[in-house]
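[1] Got a sequence here, can you build the structure:
(6 chains)
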There are 4 protein chains.
Amino acid sequence: MVRGQRTAETGAERGTVPERLLGAATRLFAEKGFESTSVQEVVAAAGVTKGAMYHYFGSKDDLLHEIYARVLRMQTDHLVEISSREEPVAERVHAAAADVIVTSIANLDDTKIFFRSMHQLAPEKQRSVRAERRKYHELFRAMIGQGQSEGVFRDDVPAELVVDYFFGSVHHLGTWYRSQGALSGTDVGRHFADLLLAGLRPGV
Amino acid sequence: MVRGQRTAETGAERGTVPERLLGAATRLFAEKGFESTSVQEVVAAAGVTKGAMYHYFGSKDDLLHEIYARVLRMQTDHLVEISSREEPVAERVHAAAADVIVTSIANLDDTKIFFRSMHQLAPEKQRSVRAERRKYHELFRAMIGQGQSEGVFRDDVPAELVVDYFFGSVHHLGTWYRSQGALSGTDVGRHFADLLLAGLRPGV
Amino acid sequence: MVRGQRTAETGAERGTVPERLLGAATRLFAEKGFESTSVQEVVAAAGVTKGAMYHYFGSKDDLLHEIYARVLRMQTDHLVEISSREEPVAERVHAAAADVIVTSIANLDDTKIFFRSMHQLAPEKQRSVRAERRKYHELFRAMIGQGQSEGVFRDDVPAELVVDYFFGSVHHLGTWYRSQGALSGTDVGRHFADLLLAGLRPGV
Amino acid sequence: MVRGQRTAETGAERGTVPERLLGAATRLFAEKGFESTSVQEVVAAAGVTKGAMYHYFGSKDDLLHEIYARVLRMQTDHLVEISSREEPVAERVHAAAADVIVTSIANLDDTKIFFRSMHQLAPEKQRSVRAERRKYHELFRAMIGQGQSEGVFRDDVPAELVVDYFFGSVHHLGTWYRSQGALSGTDVGRHFADLLLAGLRPGV
DNA sequence: TATGAATGAGGCTTCATTCAT
DNA sequence: CATGAATGAAGCCTCATTCAT
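    Got it, this is the predicted structure:
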């Protein structure tokens, strides 16, 4: 009955209980979808009991929310740093676009879950995630807008729409990207950022 | 207890039973997700009994599969027609890109369901949908490839990746597009096709 | 797997499914209390599956509510009949008081449940039961009031309070009455009605 | 992390830990019922941790038992004092009847719990409470019996039954009495004692 | 064709209690 | 004395599907 927090009885026993739970949940939600993964499966994969899970997370929903918060935090931090660099706006947009692709691929499970299961969140948690996401979106849009004001980017397409256009490719990564494929995350990031920037060059 | 198939007892009673079921299912799956919608809710919304549903569809899964088949059929038909036009490849790609956006917006519920719930389909049905989808994808990729061979498009980005890049924006439409917004489906289609084509112009 | 609705595989298999469920629930709720009786125990005692129970009753709460409705209906019917008789008010009050005791003893399980578990009902159902109960209460109070107006009953005690006073003994029956005891329901009814009526005689 | 037993960090922090626990439990059990109140809620309301509760009380059941013991002790003390007064038996019965009403109203939460949740107690504790209750009951019955022997009370109703009759009104108080109402505990006590005594006057 | 009662497995969550610290 | 993480059993309920009529 001894169950230390760091023993390695099964392969899953690494880190603290909440960490193990989040890890297992991320893997399973990405693999089978949130609704098709039972709490039982999550706790089994984490090598923990159901009671322990409900000690740390209020609900299955909470687990999902926590996964979202983690990704959002990281990506927003990156964007804040990039957008405040002392560089021409085109370079910052290119860096930001490449970064969101690279980090999304590095955390592909989170990305899959993010776009596939957000609508399953309880309304109030959904609102909080959306608000956080909007902040990210807004920072990106502002850079596009600046480029348009400076005449570096074409301005016949609303900046808002450019963001929706580009974030589709982020959204989509989970559908097609395979880590065993020929392209690394950095490759994809560079190509996609190139396609975006080229698309934004002022017209013929 | 007599209940004709075409009477109009409730607002939901339009069309044949299978049509009503597909309509109700589409609306509900888009609104609440496939897993969170019960068969009971679907048949109630369609003004039909459970027995009737199982008479026409083998399972809940079948309903989802049928919805997919419907969209895929339509979009593939469009693409076949466009790609076989006697026009410069750049124009055909532009038309195809705009068309997939326009039809996806016109059938936004189907689009939401398509990208959000495909992983819930039974494996064998999932394979059949993917195969069909690959055909569409392939047709599109071939046009890009042709443009690259002709020197009309840049060729430093794999054609395959261009398709993955662009189809992200289709995927994403269900997340942000609102029919009450300022932009019509045609507007968005044109803008997105423009951004794609500009992105494909051979390098500086 | 054959399970007819009227076969007698176990002792519990008599009557329709809802009847069997209500019967089992009444017995168990009275014996162990509502909160301490599991749905599993109820369906097992009724010889039915959980699914069947939820086909007929929306929740465990509903089962309780249905039991209440049954008793209330019966007792209100009785009171309506008695209070409309062409008899002196004192006789009608005596008859009503004796009747509520007799019927409460005849349905002692319902009586126990009624007073012990009503507060466990969902608020809205609780309101509906209380409203129904108030009607009964009101009819009784009106008879007391009439007796006071006619000078047949003392009027130094509010009629309302007399009802609260007397219904305590009904409430209490489930706590002490045992059917194996010396007194029949009719005996108790007569004695209690006598005590009430004597208590109401105009003062010394 | 230092948390003194008598500091006033929250409103709930009054008295010793066991007192606070009993106070919180009484309030909550009366409000929501014993089974519907979790130990977690009790300790939270008392501003104490679970470990602390299990330090002072062996179980949740113990808490309930302690509440019972408290009321019983007080009411028995009162009755012993009253029944041993040097007064005519009718006056003593009147005083005892009024007193049990007054003290039950003064401790309405305990009264509610007493009659509503006793059946949830573990069997052996239930027996101990019942035995104590029987003593009270017996003292009261003896006074009635004495009055009947002396010819002061009617004797066509068993003394035992008179007690069951009257204690119903005590039982019932928790159901209808509201402290904001027009009647004080003393008012109700007087009225109920009057009704009882009048009911006991020797027959016409 | 269509009904709707019934199944039975499984889902999420709660909770009293224990125990190492 | 006191903590609070963890247990494990049990609770209520949902649901896709079947089948006798």
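
[2] For A:K32, which residues are in contact?
    Applying C-beta atoms under 8 Å, 6 or more residues apart in numbering or on different chains, one finds that A:K32 lies in contact with B:H119. In this view, the C-beta of every residue, glycine as well, is placed from N, C-alpha and C.

[3] which helices and strands does the biggest helix by length in chain A pack with?
    If you go by DSSP state H, chain A has its longest helix at helix A:123-149. Other helices and strands packing on helix A:123-149, by 3 or more C-beta pairs under 8 Å, 6 or more residues apart in numbering or on different chains; DSSP states H and E, are helix A:60-83, helix A:89-106, helix A:159-176.

[4] how about those, which one is nearest chain C?
    With C-beta to the nearest C-beta as the measure, helix A:60-83 is the member of the helices and strands packed on helix A:123-149 nearest chain C (21.7 Å).

[5] Compute the inter-axis angle for the closest one and helix A:89-106.
    Between the axis of helix A:60-83 and that of helix A:89-106 there is an angle of 150 degrees, by axes from the mean of the first three to the mean of the last three C-alpha atoms, to 10 degrees.

[6] per-residue confidence for the nearest residue to A:E41 once chain neighbours are set aside?
    Counting by C-beta to C-beta, 6 or more residues apart in numbering or on different chains, A:L28 is the residue found nearest to A:E41 once chain neighbours are left out, at 5.9 Å. pLDDT for A:L28: 95.

[7] what do you get for A:E13?
    A:E13 is assigned a predicted lDDT (pLDDT) of 52.

[8] Walk me through the domains of chain A.
    Under the assignment named as automatic domain parsing, the residue ranges that make up the domains of chain A are A:17-56, A:60-200.

[9] is any part of the shortest one close to DNA strand F?
    Looking back up the chat, that one is domain A:17-56. Yes - between domain A:17-56 and DNA strand F, judged by C-beta under 7 Å from any atom of the strand, the touching residues are A:V17, A:V48, A:T49, A:K50, A:G51, A:A52, A:Y54, A:H55, A:Y56.

[10] circling back: okay, the domains of chain A in a markdown table with distance to C:R92 next?
    Shown next, in a markdown table, are the domains of chain A (distance: least, C-beta to C-beta, whole Å):
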| stretch | distance to C:R92 |
| --- | --- |
| domain A:17-56 | 58 |
| domain A:60-200 | 57 |
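
[11] Mark which of the residues of domain A:17-56 next to DNA strand F are buried, thanks.
    If you count burial by 16 or more other C-beta atoms under 10 Å in any protein chain shown, the buried members of the residues of domain A:17-56 next to DNA strand F come out as A:V17, A:V48, A:A52, A:Y56.

[12] quick one: contacts for the second one?
    With contacts taken as C-beta under 8 Å, 6+ apart, A:V48 has the following neighbours: A:V17, A:R20, A:L21.

[13] The nearest residue to the last one once chain neighbours are set aside and chain D: what is the separation?
    What it means is A:L21. Of all residues not flanking A:L21 in the chain, A:A46 sits nearest, at 4.7 Å (C-beta to C-beta, 6+ apart). A:A46 sits 24 Å away from chain D, going by C-beta to the nearest C-beta, to the nearest Å.

[14] Go ahead and confirm A:T26 touches A:K112.
    No - using C-beta atoms under 8 Å, A:T26 makes no contact with A:K112, being 9.4 Å away.

[15] Using CSV, list the CA coordinates for stretch A:113-124.
    Extracted as CSV, the C-alpha positions of stretch A:113-124 are listed here (Å, rounded to 0.1, in the frame of the first residue of the first chain):
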residue,chain,number,x,y,z
ILE,A,113,-7.0,19.5,-27.8
PHE,A,114,-7.2,23.3,-27.9
PHE,A,115,-9.0,23.5,-31.2
ARG,A,116,-11.0,20.3,-31.0
SER,A,117,-12.4,20.4,-27.5
MET,A,118,-12.7,24.0,-26.5
HIS,A,119,-16.4,23.9,-27.2
GLN,A,120,-16.9,21.2,-24.6
LEU,A,121,-15.7,23.5,-21.8
ALA,A,122,-18.3,24.8,-19.4
PRO,A,123,-19.5,28.2,-20.6
GLU,A,124,-17.8,30.2,-17.9
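
[16] That one close to DNA strand F?
    No - Stretch A:113-124 lies apart from DNA strand F when judged by C-beta under 7 Å from any atom of the strand; the minimum separation is 12.5 Å.

[17] residues making contact with that stretch?
    Outside stretch A:113-124, the residues that touch it by C-beta under 8 Å, 6+ apart are A:26, A:29-30, A:33-35, A:61, A:64-65, A:67-68, A:71, A:126, A:129, A:171, A:174, B:32-33, B:35-36, B:115-116, B:119, B:175.

[18] Quick check: mean pLDDT of it?
    Within the predicted structure, the mean pLDDT of stretch A:113-124 is 89.

[19] Check stretch A:174-181 too.
    The predicted model assigns stretch A:174-181 a mean pLDDT of 92.

[20] near DNA strand E, which residues of chain A?
    Taking C-beta under 7 Å from any atom of the strand as the contact definition, chain A meets DNA strand E at A:T37, A:S38, A:V39, A:Q40, A:E41, A:K50, A:G51, A:Y54, A:G58, A:S59, A:K60, A:D61.

[21] I'd like to know how many residues surround the second one.
    The tally of other residues near A:S38 (other C-beta atoms under 10 Å in any protein chain shown) stands at 12.

[22] And for the last one?
    Here the neighbour count serves as a burial measure; for A:D61 (other C-beta under 10 Å) it reads 15.

[23] rewinding a little: sort out for me which of the residues of domain A:17-56 next to DNA strand F are in helices.
    For the residues of domain A:17-56 next to DNA strand F, the ones inside helices are A:V17, A:K50, A:G51, A:A52, A:Y54, A:H55, A:Y56, with DSSP H as the criterion.

[24] on that earlier part again, the residue nearest to A:L21 touches A:G23, doesn't it?
    Yes - when contacts are counted by C-beta under 8 Å, A:A46 is listed as touching A:G23 (7.1 Å).

[25] Looking at the two, which one has more neighbours?
    Taking neighbours as other C-beta under 10 Å, A:A46 and A:G23 compare with A:A46 leading, 26 against 18.

[26] Can you name the residues that contact the more buried one?
    A:A12, A:V17, A:R20, A:L21, A:G23, A:A24, A:A25, A:M53.

[27] Can you give me the pLDDT of the fourth one?
    It stands for A:L21. 94.

[28] pretty sure it contacts A:F57?
    Yes - at 7.0 Å, A:L21 counts as touching A:F57 under the criterion of C-beta under 8 Å.

[29] and for these two, which residues touch both?
    For the pair A:L21 and A:F57, residues contacting each of them under the criterion C-beta under 8 Å, 6+ apart are A:L63.

[30] what about these two, which has more around it?
    More crowded of A:L21 and A:F57, by other C-beta under 10 Å: A:L21, with 24 against 20.

[31] residue contacts, the more buried one?
    Taking C-beta under 8 Å, 6+ apart as the contact definition, A:L21 lies against A:V42, A:V43, A:A46, A:V48, A:M53, A:Y56, A:F57, A:L63.

[32] Name the helix or strand for it, please.
    helix A:17-32 (DSSP states H and E).

[33] need the residues of chain A near chain B, please.
    A:32-33, A:35-36, A:115-116, A:119-120, A:154, A:156-158, A:161-162, A:164-173, A:175-177, A:183, A:188, A:191-192, A:194-196, A:198-201, A:203 (C-beta under 8 Å from any C-beta of the partner chain).

[34] Show me which of these are buried.
    Under a neighbour-count criterion of 16+ other C-beta under 10 Å, the subset of those counted as buried comprises A:33, A:35, A:115-116, A:119-120, A:154, A:157-158, A:161-162, A:164-173, A:175, A:177, A:183, A:188, A:191-192, A:194-196, A:198-200.

[35] Pull up the distance across stretch A:177-191, start to finish.
    One end of stretch A:177-191 to the other measures 14 Å (C-alpha to C-alpha, to the nearest Å).

[36] What residues of it count as buried?
    With the criterion 16+ other C-beta under 10 Å, stretch A:177-191 contains buried residues A:Y177, A:L183, A:G185, A:D187, A:V188, A:G189, A:R190, A:H191.
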